[in-house]
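Colleague: Turn this into a model:
(one chain, ligands or ions: 2)
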Amino acid sequence: MKRTVDFKKNATNIFFHILTQCNLKCRHCYINPSQHGTKTLGKEEIYDWLKFFSDKNKEANVIFLGGEPTLNPDLSYGIKKAGELGYSSITIDTNGYLFNDILNKIKPSEVDFISFSLDGASPETNDPIRGKGVFDTCTKGIKNAVDKGFTTSLIYTVSSENIHELENMYDLVKDLGISRFFIQVIGIRGSADKKGSSLQLTKELWENTVPDIADKIAKDHKIIVTYPKVFLNEGEKFECAGLVADNYFLFPNNRIYKCPLCEDYPIHSYEFKKDHLEKNSGITESSLFDLDIPEGCVLNKIIQPGNLSYDKEGRPFYKIACCMLKEEISYL
Ligand code: SF4
Ligand code: SF4
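Modeller: Numbering: from 1, shown residues only. Ligands and ions are numbered 1, 2, ... in the order given. This is a model prediction of the structure:
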């Protein structure tokens, strides 16, 4: 069964970048130290952020990110504190290197998911994108995590460079014991920006490939598969998560964005000041969210318009959905 996952209005989701350092140099990496600094958050700062965002009368979810979050020796501390503070779900997004003996520092009951990233079903496709030897290390990391009883998910970022191998994930997801599969679409940010729109996919290619493979994996393997909506069809409603959802993308230099597409620019909505958020004045991402344009997402049009197409009169054929809008397939 497929459903579009509505933006949750009663939940706070924090995407918590606890450092920007990484051991890899993926070709499409969206981390941008010139915008987000090179700081590694320590225990006190991690606690302050977590405490602040848990101080609300609603569900709070945290995803620990980097850079590579396991390079931060205080990740295990952050996981435990998030549990104590009552976060409803706790996830680590990792490249699979699992530094600082993380699998032995936390228990499976303390995290909901360890989420691994692979961009190919083979070293031949994955490694030119993510680095030499990464496929082997990441798949070993997944096996170790599964053997220790952790629930794992897998993120596959689809671009023109690897869409041909998405179907081969069918076997890999099963063989690795993955519990949830996320298909992501390439964002033209950070280092992906250097390759520009050549990485982006047309509506036809996306719609002829991704939904069918996602459905087959979900149905046959009985796992939940999620992918972004990307293209809206006639009559489908456009909604900007920046206006209606409580999503916060936190960076170690105290910047807080509401929209991940804006992360390459100093137009963040807020700065974190130990125990409160300071709203930035002037033109920020928030000034753009309610611009009503025929292309749908305004930031998509500004930053990554290669996925748009127009008729002879200059009218877009379709709208681009908010990048946070997901389709979820489940036969559970
Ligand atoms: S995409 Fe992730 S794993 Fe790859 S270099 Fe960037 S932070 Fe590291
Ligand atoms: S991706 Fe577009 S629609 Fe979504 S939050 Fe950003 S600006 Fe709004």
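
Colleague: Need the residues that contact the host helix or strand of residue 60.
Modeller: Assigned by DSSP states H and E, residue 60 belongs to strand 59-65. Outside strand 59-65, the residues that touch it by CB atoms under 8 Å, 6 or more residues apart in numbering are 8, 10-18, 50, 53-54, 75, 78-79, 82, 85-93, 115. Every residue, glycine included, has its C-beta placed from N, CA and C.

Colleague: Extract the CA atoms of the longest helix along the chain and return them as CSV.
Modeller: If you go by DSSP state H, the chain has its longest helix at helix 203-221. The C-alpha atoms that make up helix 203-221 are tabulated as CSV, following Å, rounded to 0.1, in the frame of the first residue of the first chain:
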residue,chain,number,x,y,z
LYS,A,203,10.2,13.2,-14.3
GLU,A,204,9.8,10.3,-16.8
LEU,A,205,12.9,8.5,-15.7
TRP,A,206,12.1,8.9,-12.0
GLU,A,207,8.4,7.8,-12.4
ASN,A,208,9.3,4.9,-14.7
THR,A,209,11.9,3.5,-12.3
VAL,A,210,11.6,4.4,-8.7
PRO,A,211,8.0,3.6,-7.7
ASP,A,212,8.0,0.1,-9.3
ILE,A,213,11.3,-0.9,-7.6
ALA,A,214,10.2,0.5,-4.3
ASP,A,215,6.9,-1.4,-4.5
LYS,A,216,8.6,-4.7,-5.4
ILE,A,217,11.1,-4.4,-2.5
ALA,A,218,8.4,-3.4,0.0
LYS,A,219,6.0,-6.2,-1.1
ASP,A,220,8.4,-9.1,-1.4
HIS,A,221,10.7,-8.3,1.5
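
Colleague: what's the following helix or strand after the helix or strand hosting residue 13?
Modeller: Assigned by DSSP H and E, residue 13 belongs to strand 11-17. Note on strand 11-17: by DSSP H and E, the next helix or strand toward the C-terminus is helix 33-36.

Colleague: Report the central residue of this protein.
Modeller: Closest to where the C-alpha atoms of the chain average out (CA atoms, centre = their mean) is residue 184, at 7.4 Å.

Colleague: near ligand 2, which residues of the stretch 201-332 of the chain?
Modeller: Applying CB under 6 Å from any ligand atom, we find that the stretch 201-332 of the chain lies next to ligand 2 at 240-242, 259, 261, 289, 297-300, 322-324.

Colleague: Select from those the one having the most neighbours.
Modeller: Using other CB atoms under 10 Å as the neighbour test, these are led by residue 297, with 31 neighbours.

Colleague: contacting residues around it?
Modeller: Residue 297 sits next to 238, 240, 261, 319, 320, 321, 322, 323 when contact means CB under 8 Å, 6+ apart.

Colleague: and those as CSV, adding distance to residue 22?
Modeller: CSV is the format used below for the contacts of residue 297 (distance: CB to CB, whole Å):
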residue, distance to residue 22
238, 34
240, 30
261, 21
319, 34
320, 29
321, 29
322, 27
323, 22
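
Colleague: Put together a markdown table for those, with secondary structure and distance to residue 213 on each row.
Modeller: Output for the contacts of residue 297, formatted as a markdown table (DSSP: H, G, I helix; E, B strand; the rest coil; distance: CB to CB, whole Å):
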| residue | secondary structure | distance to residue 213 |
| --- | --- | --- |
| 238 | coil | 26 |
| 240 | coil | 28 |
| 261 | helix | 25 |
| 319 | strand | 24 |
| 320 | strand | 21 |
| 321 | coil | 19 |
| 322 | coil | 23 |
| 323 | coil | 20 |
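
Colleague: mind giving me JSON lines with the residues you listed and columns for pLDDT and distance to residue 272?
Modeller: Shown next, in JSON lines, are those (pLDDT from 0 to 100; distance: CB to CB, whole Å):
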{"residue": "238", "pLDDT": "95", "distance to residue 272": "30"}
{"residue": "240", "pLDDT": "97", "distance to residue 272": "23"}
{"residue": "261", "pLDDT": "93", "distance to residue 272": "20"}
{"residue": "319", "pLDDT": "95", "distance to residue 272": "33"}
{"residue": "320", "pLDDT": "95", "distance to residue 272": "30"}
{"residue": "321", "pLDDT": "95", "distance to residue 272": "29"}
{"residue": "322", "pLDDT": "96", "distance to residue 272": "24"}
{"residue": "323", "pLDDT": "94", "distance to residue 272": "23"}
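
Colleague: Please look at residue 214 and residue 228 and confirm they touch.
Modeller: No: Residue 214 is not in contact with residue 228 according to CB atoms under 8 Å; the separation is 10.8 Å.

Colleague: Quickly list what's touching both of those two.
Modeller: 183, 327.

Colleague: just to revisit the earlier point, what residues are up against the residue nearest to the centre of the chain?
Modeller: Per CB under 8 Å, 6+ apart, neighbours of residue 184: 155, 156, 157, 158, 227, 228.
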